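K.L.:
Structure for the following, please:
(2 chains)
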Number of protein chains: 2
Amino acid sequence: MAGGLATAAIAAPVAAQTVPFHGAHQAGITTPMQDQLYFASFDLVATKREDVVALLKSWTDASARLTAGQPVQAGDSGEADGLPPSGLTLTFGFGPELFVQNGQDRYGLAAKRPAALVDLPRYPGDQLVPGISGGALCVQACANDAQVAFHAVRQLARLGYGAVQLKWVQSGFATARQSPGTPRNLMGFKDGTMNPAGAAMDKAVWVTQPGWMQGGSYMVARRIRIALEHWDRMQVAFQEKTFGREKASGAPLGGRHEFDTPDFNATDANGDYVIPETAHARLAAAANNDGAQILRRSYSYNDGANFTAERWPPWHQGIEYDAGLFFQAYQQDPRTGFMPIFDKLSKMDALNQFTTHVSSAVFACPPGVRPGGYIGRELFEAA
Amino acid sequence: MAGGLATAAIAAPVAAQTVPFHGAHQAGITTPMQDQLYFASFDLVATKREDVVALLKSWTDASARLTAGQPVQAGDSGEADGLPPSGLTLTFGFGPELFVQNGQDRYGLAAKRPAALVDLPRYPGDQLVPGISGGALCVQACANDAQVAFHAVRQLARLGYGAVQLKWVQSGFATARQSPGTPRNLMGFKDGTMNPAGAAMDKAVWVTQPGWMQGGSYMVARRIRIALEHWDRMQVAFQEKTFGREKASGAPLGGRHEFDTPDFNATDANGDYVIPETAHARLAAAANNDGAQILRRSYSYNDGANFTAERWPPWHQGIEYDAGLFFQAYQQDPRTGFMPIFDKLSKMDALNQFTTHVSSAVFACPPGVRPGGYIGRELFEAA
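P.N.:
Predicted structure coming up:
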């Protein structure tokens, strides 16, 4: 079975195409991936609840215009004038700090913080940088043009002047439109083969319980730096054992085609598992996690280069790419999605030799906006 | 008259298209701009001249393959497998340190350093960071897919292991393919209107004097951080006086259409110049620089966000985009191209209130590679 987003992306939009902003669910979650990501996390500096509501109303109006390829009404900065909508989606999330910050219930929302909006534990290997983690509000802008994605976030930030302050941002890129099938990450492997599709995707992603989050989803975002130079010196056979999949075809080891069901019990002539016990694909599979599934919607990132010392012979030191994966996963509850899966991965995944998680955030992404509504109305107007 | 690159870009290639690697000139200079840039500057650590030649031969072979959409032969990292060539161009340059480094003529090339490969003076306002300036070799990778551009540089860096070390990198984006006409920069203005086209472009760009640089060009690269938040709070009328052009149409002030010839003598009812004395378009125009022309081929960049304090009321402090323009200009001689123009701009341009040059480099880009040749053969094999 093909991964949900990858398959959809084969028929991905041309530059002029638009993705509807209004709907039961927010766009940018189960809609096809675009080429470019610009993600921003904000601190809220507004002191009053009504100022937060005014901000979200303003962002709603602006988002409806921006996703249709129109400038915002007051003082658009202009760099997207004449550019097509480029499949722009804007997806909003509420972080824990919207509800309680430093023990303060700033906006009278503390009682409405969902239990699923968890504070993630510290995982083995975490090297989280506070300045690029967390946040009170987030906007995920995806488009097939980097300038369109950045332009959108820039207008929202400007409209939020006095109510929000930029905390951290992340740009990313993917190749979903360029080639049929599952896109490859910077390690050269197909990424997203195991993604749920169709009804299984909907089940994994959308909150169904009554309450203000019904129709919404929870996003876990983790910036994962990958030691590419180190990885590139490994033999392909070693890389394949690390992933548990063939590099070229994406097939599970022992299988022939990308979407073959992995045989986790198969052993080789030595009695060793064909898909090693520490292989990423084994540890991450829903079949080995009581059916836990998440929808990964990740972008590669490359933020320049800086000093790195390799952790493996020949212990090369020098300037290396600050590059990797901006992992984003959507699920109806992180406690039954990301958390059990990553608890296992963080301890045992052979990939951990090459990866370092440097940022982490969890956001509650409310349901979609109905015409006349605004982002998060269900939260702010619930009884 | 339309700018050279912008006009050509209207008919820019689809993803599958290839730009020939071999030719009299290197591609990526006067060929149409692509959407994505990945630029890398390297230090040379090779101690022998023949190792530098071997590197350049290896890069030549790899470049011919990569620009045709093929993997490199030994151990490609694989993330571009299945992706189309995406219009990839790879453009190489030689920095001053190839010829002399710390007073040492490492490769017997000191006598061949062209006079046109200048050390730029310090300009007013320069805030250059040495770690992201200069270099002995550079590669400019441009493609319509960010992953394709990064993949190419990554393979070249790997092939150069032991001979070069990454010094600094810069990614960028443009919108040349998305919309007809001159693309807009992050200030929202059309950028490149004054670029020479056709025969004037060839005249401005290509070295014609006999010698190893004949058929080559000189690249000046400057990373220019733009205070976007500051800029965004200016009235459009003020922005237009700063540029000397209308924001929406790109027309010179007092004109009606983008490509109208600016009237630098026109005055308003108060006797003030319609195009102010400090307007960017006035100071940069060839007509006001003894005909000096350069071919700008710049990409916007956005490298995340970090702390900034505004230099203007209301002196807002906070996290701001580390964004702006990665200015690249090609010319047959910087001493008659970039230098006289920027000497004036750096002192008087009203834009300087919003811009800070943080990196600078000059590279001699040798002529194109003929089949069977290699990058820089004219330099290394000249009598």
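K.L.:
C-alpha from now on. contacts and neighbour counts both.
P.N.:
OK.
K.L.:
Whatever residue of the stretch 101-250 of chain A ends up closest to chain B: how many residues sit nearby?
P.N.:
Closest to chain B within the stretch 101-250 of chain A is A:Gly188: 3.8 Å, counting by Cα to the nearest Cα. Applying other Cα atoms under 10 Å in any protein chain shown, we find 19 other residues in the vicinity of A:Gly188.
K.L.:
does it really touch B:Leu83, like I thought?
P.N.:
No. Using Cα atoms under 8 Å, A:Gly188 is not in contact with B:Leu83; the gap is 11.7 Å.
K.L.:
coming back round to it: for the residue of the stretch 101-250 of chain A closest to chain B, which non-adjacent residue is closest in space?
P.N.:
B:Glu79 (3.8 Å; Cα to Cα, 6 or more residues apart in numbering or on different chains).
K.L.:
Identify the residues contacting the one you found.
P.N.:
For B:Glu79, the contact set (Cα atoms under 8 Å, 6 or more residues apart in numbering or on different chains) comprises A:Arg184, A:Asn185, A:Leu186, A:Met187, A:Gly188, A:Phe189, B:Gln147, B:His151.
K.L.:
would you list those in TSV and tack on pLDDT?
P.N.:
Compiled in TSV, the contacts of B:Glu79 are given as follows (pLDDT from 0 to 100):
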residue	pLDDT
A:Arg184	94
A:Asn185	95
A:Leu186	97
A:Met187	97
A:Gly188	96
A:Phe189	96
B:Gln147	96
B:His151	97
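K.L.:
which residues are common contacts for A:Gly188 and B:Leu83?
P.N.:
With contacts taken as Cα under 8 Å, 6+ apart, A:Gly188 and B:Leu83 have no neighbour in common.
K.L.:
now the end-to-end length of stretch A:131-140.
P.N.:
18 Å (Cα to Cα, to the nearest Å).
K.L.:
Sort out which residues of it are buried, please.
P.N.:
Neighbour counts over stretch A:131-140 (16 or more other Cα atoms under 10 Å in any protein chain shown) mark A:Ile132, A:Ser133, A:Gly134, A:Gly135, A:Ala136, A:Leu137, A:Cys138, A:Val139, A:Gln140 as buried.
K.L.:
out of those, which are inside helices?
P.N.:
Within these, no residue falls in helices by DSSP state H.
K.L.:
returning to what we had before: Provide a list of residues in contact with the residue of the stretch 101-250 of chain A closest to chain B.
P.N.:
By Cα under 8 Å, 6+ apart, the residues touching A:Gly188 are A:Lys247, B:Ser77, B:Gly78, B:Glu79, B:Ala80, B:Asp81.
K.L.:
gap between it and B:Gly75?
P.N.:
Separation of A:Gly188 from B:Gly75 (Cα to Cα): 11 Å.
K.L.:
about what we covered before: farthest pair within the contacts of A:Gly188?
P.N.:
Pairwise distances across these (Cα to Cα) peak at 12.0 Å, for the pair A:Lys247 and B:Ala80.
K.L.:
Look at the two and report which has more neighbours.
P.N.:
Between A:Lys247 and B:Ala80, counted using other Cα under 10 Å, the more crowded position is B:Ala80 (28 against 25).
K.L.:
is it true that the more buried one touches A:Pro183?
P.N.:
No. Applying Cα under 8 Å, one finds B:Ala80 not in contact with A:Pro183, separated by 9.3 Å.
K.L.:
does stretch A:41-57 come close to chain B?
P.N.:
No. Counting by Cα under 8 Å from any Cα of the partner chain, chain B has no neighbours in stretch A:41-57; the shortest distance is 9.9 Å.
K.L.:
Buried residues of that stretch, list them for me.
P.N.:
A:Ser41, A:Phe42, A:Asp43, A:Leu44, A:Val45, A:Ala46, A:Asp51, A:Val52, A:Val53, A:Leu55, A:Leu56, A:Lys57.
K.L.:
End to end on it, go ahead and measure it.
P.N.:
End-to-end for stretch A:41-57, by Cα to Cα: 18 Å.
K.L.:
Number of residues surrounding A:Asp263?
P.N.:
Applying other Cα under 10 Å, we find 15 residues neighbouring A:Asp263.
K.L.:
Might one say that it is in contact with A:Gly254?
P.N.:
Yes. With contact defined as Cα under 8 Å, A:Asp263 counts as touching A:Gly254 (7.3 Å).
K.L.:
which neighbours do these two share?
P.N.:
Joint contacts of A:Asp263 and A:Gly254 (Cα under 8 Å, 6+ apart) are A:Ile275.
K.L.:
what about the stretch 201-350 of chain A, any weak spots by pLDDT?
P.N.:
Counting by pLDDT under 70, the ranges of the stretch 201-350 of chain A that qualify are A:310-314.
K.L.:
that older thread, for the contacts of A:Gly188, please prepare a markdown table with the additional fields distance to A:Ala292 and secondary structure.
P.N.:
Compiled in a markdown table, the contacts of A:Gly188 are given as follows (distance: Cα to Cα, whole Å; DSSP: H, G, I helix; E, B strand; the rest coil):
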| residue | distance to A:Ala292 | secondary structure |
| --- | --- | --- |
| A:Lys247 | 25 | coil |
| B:Ser77 | 31 | coil |
| B:Gly78 | 30 | coil |
| B:Glu79 | 28 | coil |
| B:Ala80 | 31 | coil |
| B:Asp81 | 30 | coil |
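K.L.:
Pick out whichever of the residues you listed sits closest to A:Arg113.
P.N.:
Distances from A:Arg113 to those, taken as Cα to Cα, are shortest for B:Glu79 (40.4 Å).
K.L.:
Please enumerate the helices of chain A.
P.N.:
A:4-10, A:49-67, A:96-99, A:146-159, A:198-205, A:228-232, A:236-243, A:280-284, A:338-348, A:377-380.
K.L.:
for the ones you listed, which one sits closest to B:Asp349?
P.N.:
When the helices of chain A are compared by Cα to Cα, helix A:146-159 sits nearest B:Asp349, at 25.4 Å.
K.L.:
Quick check: closest non-adjacent residue to the residue nearest to the spatial centre of chain A.
P.N.:
In chain A, the C-alpha nearest the mean C-alpha coordinate belongs to A:Gln328, at 1.7 Å (Cα atoms, centre = their mean). Excluding the flanking residues, the one nearest A:Gln328 by Cα to Cα, 6+ apart is A:Ala221, at 4.5 Å.
K.L.:
So what pairs up with the one you found in the strands?
P.N.:
Per DSSP bridges, the residues bridged to A:Ala221 are A:Gln328, A:Ala361.
K.L.:
Contacts only, for it.
P.N.:
Applying Cα under 8 Å, 6+ apart, the residues contacting A:Ala221 are A:Phe326, A:Phe327, A:Gln328, A:Ala329, A:Ser359, A:Ser360, A:Ala361, A:Val362.
K.L.:
The fifth one against A:Val129, yeah?
P.N.:
Yes. With contacts counted by Cα under 8 Å, A:Ser359 reaches A:Val129, the gap being 5.7 Å.
K.L.:
Have a look at those two and say which one is more surrounded.
P.N.:
Taking neighbours as other Cα under 10 Å, A:Ser359 and A:Val129 compare with A:Ser359 leading, 21 against 13.
K.L.:
What parts of the stretch 1-150 of chain A come near chain B?
P.N.:
Residues of the stretch 1-150 of chain A lying near chain B (Cα under 8 Å from any Cα): A:Ala15, A:Ser77, A:Gly78, A:Glu79, A:Ala80, A:Asp81, A:Gly82, A:Leu83, A:Pro84, A:Asp145, A:Ala146, A:Gln147.
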